[in-house]
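In: have a look at this prediction, sequence included:
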Amino acid sequence: MTSQWQLRAAFAARLSEMYGREVPAYTTLVDVSREVNEEVLRAQGAGAERLGSISRVTAERHGAIRVGTPREMRQVARVFGALGMHPVGFYDLREAPVGAVPVVSTAFRPIARDELARNPFRVFTSMLTPDDPRFFDARLRAGLETFLAGRELFPPELLALSDRAEAEGELPEAEAERFLHLAVRAFELSSEPVDKAWYETLERVSAVAADIGGVRSTHVNHLTPRVLDIDELYRRMKERGIEMIDTIQGPPRWDGPDLLLRQTSFRALAEPRAQRAPDGSVFTGALRVRFGEVEARGIALTREGRALYDRLLTLVDQQAAAHPTADRGELARALWTEHVPSTERQLAARRLAYFTYHVTPGRPRDGSRPPAGVGALVEQGWLRADPIVYEDFLPRSAAGIFQSNLTGDGVRNDQHAGTDYDSEWLSGAIGRQVLDPFALYEQQQNDSLAQAAHVLELDGAGEPRAT
Ligand code: OOG
Ligand code: NI
C-alpha cells in the first residue's frame, strides 16, 4: 500500500523530473539551490536546519497551476485531496497595481505538523474570473465560458483514483502507480496546437487569461525549490548568465531571523508550441509563459506580525516613491532594523511570530515551581521555543511574480466594479472549506503549549500559561 504522504512525495518528485525535461533551466535552478544549501549547512551546522531538516528542504517544492472554472477547481482539489493537500488561504490578485491578473487563488498543502515534516509539497492554484467585468466584456466572457466548458483537464479515471486514495488514505501499489502516471500527465505541456487567433484575443486582455483560457489543457507554470540563502543563489544565477527579475520579493535581507517568504525568479522563456493559424495550418510558434522561481522560507508571523510586515511594505513604497534613486533593498533594510525585533525571543515575547514550545529535558527537577507565563518559562530554561516555518504565500509577492513574467500588461477597466470574491465564496466554489492559515499556525502553537502543560503537570509543576 502507498500512503497519502508517499503519494505526495512521489508526485512532487515525478513532477520535478517532468518539469526538468520540459524546462531545462529549472534543473539549473535546482542544482544551484542544492549547492547553496550544502554550503550553508557546512557553514552553519545545525542552525541551518532550524526551519526544517535538510532532507525536507532539499525535497521541498511548490508548484503553480492555473485553472479556468469552479468545476476544474473542484476536480483539482480531488487530485490534491488524494495527496493529503487542503486548500489554505485566499489570495485575490486582481487588485494588482499594474498588469491584468484576473484570478483568485488558494494554496493546496498538507496541514498537520508531521505531514509537513514528511513532505510539505504545496501548489499555488489560481482560477480565472471570467465574470469580472473589469477584464472581460459580455462577449469575451461568453466565449471563455463556452471554451472552458468544452475541455477536460482531468480524466475520469484519475478522479476516481483520487477519490479512492482520499477516502481510504492509501492506494494499492498498482493503483498508486496508475494514479501518479495520470496525475503527472495532467500537468504536462500539451502538444495540441493552440488556436492562435483565440489565444491572441485573450492575450490582448491578459496574458494570464490566455495561458488559462486559450488552451485546452493545464500545465505546471513553475516549480519552485527552496534555498537557504536566496541572495547567494541570485548572485550565482546571474553569474551563469541567467536573466533574473530585478528583485527578490518579500522581506529584505537583514541581520534578524528569516521571516515569512522571500522569492525571486528567472524570466519566462520562449517555449516552442504548436499553433493553428486561422487558415487551419499548423506551425511551431513560441509562447513565453513559464518560468523558474526559487524561494527562502522564514518564520510564520501572527496577524500582528503580518500587519507590521504590511505596514512596512507600505512605508518602503512611500520612501521609494519619495527617493526614486534610492536602493529599495537598503530602504527596506533600514525600516526592518528600526521596527522589527531582531531575535526570536523578542518576536515571541511581542507575539509577532509563531513558535512551538517543548519542555526541555534539563529543566529543574528539584521540586521548584515553574514561573508563570511562557516568556519566563523559556527564559528560565523550562521550555524551548522552536520557530514555526511559514508554509504559505504572500499576495503582493505573488502578484509581483505574475506581473514580472507577463508579456504585456493587458487591460483592466476600473470604470466597472469588480466581482466580489472572498474565502467563503471560494470555499463554496471548490466545495471544500478554504482554511485560514493563521488559525492553523495558532493551533500548532496551542497544541504544543497544551502538551507542555501536560508534561509539567505530570511533574507536579503546574501549567504554563500563554501569557
Ligand atoms: C502563480 C504566481 C504566484 C508565488 O510563488 O507567489 C506564485 C502563477 O504564476 O501562477 O507562484
Ligand atoms: Ni510560485
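Out: Here it is on my side, so go on. Ligands and ions are numbered 1, 2, ... in the order given.
In: for the closest residue to ligand 2 within the stretch 51-200 of the chain, name its beta-bridge partners.
Out: At 4.5 Å from ligand 2, A64 is the closest residue in the stretch 51-200 of the chain, using CB to the ion. Where you see a C-beta, it was placed from the backbone N, CA and C, and this is true even at glycine. Residues in a beta bridge with A64, per DSSP bridges, are F124, H222.
In: ok, it touching F124?
Out: Yes: using CB atoms under 8 Å, A64 is in contact with F124, at 4.5 Å.
In: still on that earlier bit, count of residues packed around the residue of the stretch 51-200 of the chain closest to ligand 2?
Out: 23 (other CB atoms under 10 Å).
In: give me the phi and psi for the residue most central in space within the chain.
Out: Residue closest to the average C-alpha location in the chain (CA atoms, centre = their mean): F393, at 4.5 Å. Dihedral pair for F393: phi -120, psi 180, per degrees, to the nearest 10.
In: what does P251 give?
Out: phi -60, psi 160.
In: which residues does the closest residue in space to it that isn't next to it in sequence contact?
Out: Of all residues not flanking P251 in the chain, L259 sits nearest, at 5.2 Å (CB to CB, 6 or more residues apart in numbering). With contact taken as CB atoms under 8 Å, 6 or more residues apart in numbering, L259 is in contact with P251, G298, I299, L301, G305, Y309, V340, A353, Y390.
In: of these, which is the most crowded?
Out: A353 leads those on contacts (other CB under 10 Å) with 28 neighbours.
In: do I have it right that that residue meets D386?
Out: No: A353 lies out of contact with D386 (CB under 8 Å); the separation is 11.4 Å.
In: anything in contact with each of the two?
Out: Contacts common to A353 and D386, judged by CB under 8 Å, 6+ apart, are absent.
In: next one: the residue of the stretch 51-200 of the chain closest to ligand 2 from Q445, what distance?
Out: 28 Å (CB to CB, to the nearest Å).
In: from the stretch 151-300 of the chain, which residue is nearest to ligand 1?
Out: N221 (4.4 Å; CB to the nearest ligand atom).
In: now do the stretch 351-467 of the chain
Out: Closest point on the stretch 351-467 of the chain to ligand 1, by CB to the nearest ligand atom, is A398, at 3.4 Å.
In: quick check: residues of the chain near ligand 2?
Out: Within the chain, the positions adjacent to ligand 2 are A64, T224, E293 by CB under 5 Å from the ion.
In: give me the three-state assignment for the nearest residue in space to the last one that is not next to it in sequence.
Out: It stands for E293. Nearest non-adjacent residue to E293, counting by CB to CB, 6+ apart: S265, 3.9 Å away. Three-state call for S265 (DSSP: H, G, I helix; E, B strand; the rest coil): strand.
In: residue numbering should commence at 738 henceforth.
Out: In the new numbering, first residue 738, that becomes S1002.
In: how many neighbours does S1002 have?
Out: Neighbour number of S1002 under other CB under 10 Å is 22.
In: which residues touch it?
Out: Contacts of S1002 (CB under 8 Å, 6+ apart): H959, M981, I982, F1028, G1029, E1030, V1031, I1138, S1141, N1142.
In: in a markdown table: these, plus neighbour count, pLDDT and secondary structure.
Out: Formatted as a markdown table, the contacts of S1002 follow (neighbours: other CB atoms under 10 Å; pLDDT from 0 to 100; DSSP: H, G, I helix; E, B strand; the rest coil):
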| residue | neighbour count | pLDDT | secondary structure |
| --- | --- | --- | --- |
| H959 | 25 | 94 | strand |
| M981 | 18 | 86 | strand |
| I982 | 20 | 84 | coil |
| F1028 | 22 | 85 | strand |
| G1029 | 26 | 89 | strand |
| E1030 | 24 | 94 | strand |
| V1031 | 26 | 96 | strand |
| I1138 | 26 | 84 | helix |
| S1141 | 20 | 75 | helix |
| N1142 | 23 | 71 | coil |
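In: for those, which one is nearest G880?
Out: N1142 (24.8 Å; CB to CB).
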